[in-house]
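Chemist: Sharing a model prediction with you, sequence too.
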Amino acid sequence: MSLTIVIILVSIGLSWYAWQNPSLLDKWVFNPVRVSKYNEYYRFLTSGFIHADVGHLIFNMFSLYFFGEAMEMFLGGYFGSNGTIYYLLLFLAGIVVSDIPTFLKHRNNSNYNSLGASGGVSALLFAFILLAPLQKVCLYFAICVPGFIFGGIYMAYSFYESRQNRGRVNHDAHLYGALFGIVFMAFLLPESIPNFISQIASWRLW
């Protein structure tokens, strides 16, 4: 059983358990004021393993499965046993780092809550795109475009929506999780940058 599958099963189990136990959901959700006021920094991580509803959970877990499996195989194949450590670090640090801007923006807003694995999933997705920018990425299994095009649209949309400050979706987590994934992979594998540029330069629309 892959590590990705283990993470998915743990996320499903904890999300379901939290839905049955609102007190646990309240204790684990990312609330910047409670983090700041009561030093509950564990929320940076626990909030990444619970989700708002079934739809939210399914979307994140499907994305985690496709891109997590690919990154786990690549990192394991390239770095051997250390690949598992790098994979966990990429995913878990992606969850934590992606919530730092949210913490700074909402640290005085006691009504703000955020949850879900989106930051970690975005980190895996964009690490994958950096390595294979021409690989097709599909939205809802229907619209498929090269990864670098999808990534550009994704980041532009996330940036725009984060500035609108509306709705329940934490677009900052998407944006900064994606940026973290790029930086992490570029640091871990510096040759990924020139390889990315080379692949993009070879791409043709027709």
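Modeler: Arrived safely, thanks for sending. Here the structure is a predicted model, which means the values were calculated and not measured.
Chemist: ok, now which ones touch the closest residue to Ile153 other than its chain neighbours?
Modeler: Nearest residue to Ile153, sequence neighbours excluded (CB to CB, 6 or more residues apart in numbering): Val145, at 8.0 Å. Heads up, the C-betas are built off the backbone N, CA and C, glycines and all. By CB atoms under 8 Å, 6 or more residues apart in numbering, the residues touching Val145 are 136-137, 153.
Chemist: And Glu69, by the same measure?
Modeler: Applying CB under 8 Å, 6+ apart, we find Glu69 in contact with 2, 4.
Chemist: ok, now which ones touch Leu124?
Modeler: Per CB under 8 Å, 6+ apart, neighbours of Leu124: 64, 67-68, 71, 90-91, 94, 181.
Chemist: Buried among these? Make that a PyMOL selection.
Modeler: PyMOL command restricting the contacts of Leu124 to the buried ones, with burial defined by 16 or more other CB atoms under 10 Å:
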select buried, resi 64+67+68+71+90+91+94+181
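Chemist: Dump the contacts of Leu124 into TSV; add distance to Asn170, secondary structure and pLDDT as well.
Modeler: Below are these laid out as TSV (distance: CB to CB, whole Å; DSSP: H, G, I helix; E, B strand; the rest coil; pLDDT from 0 to 100):
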residue	distance to Asn170	secondary structure	pLDDT
Leu64	16	helix	96
Phe67	19	helix	95
Gly68	20	helix	96
Met71	22	helix	97
Leu90	19	helix	98
Phe91	17	helix	98
Gly94	13	helix	98
Gly181	16	helix	98
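Chemist: closest to Ser158 among the contacts of Leu124?
Modeler: Each of the contacts of Leu124 was scored against Ser158 by CB to CB, and Gly181 proved nearest at 12.8 Å.
Chemist: The helix or strand of the chain with the lowest mean pLDDT: how far from the chain's middle?
Modeler: Least confident element among the helices and strands of the chain, by mean pLDDT, DSSP states H and E: strand 136-139 (a mean of 84). Averaged C-alpha coordinates place strand 136-139 at 16 Å from its chain's average position (CA atoms, centre = their mean, to the nearest Å).
Chemist: Just checking: what are the partner strands of it?
Modeler: With DSSP bridges as the test, strand 136-139 is paired with strand 143-146 (antiparallel).
Chemist: Sort out which residues of the partner strand are buried, please.
Modeler: Buried-residue list, strand 143-146, by 16+ other CB under 10 Å: Pro146.
Chemist: Using PDB, write down the CA coordinates of it.
Modeler: In PDB, the C-alpha atoms belonging to strand 143-146 read as follows (Å, rounded to 0.1, in the frame of the first residue of the first chain):
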ATOM      1  CA  ILE A 143     -11.200  19.700 -19.800                       C
ATOM      2  CA  CYS A 144      -7.600  18.600 -20.300                       C
ATOM      3  CA  VAL A 145      -4.700  21.000 -20.900                       C
ATOM      4  CA  PRO A 146      -0.900  20.900 -20.500                       C
END
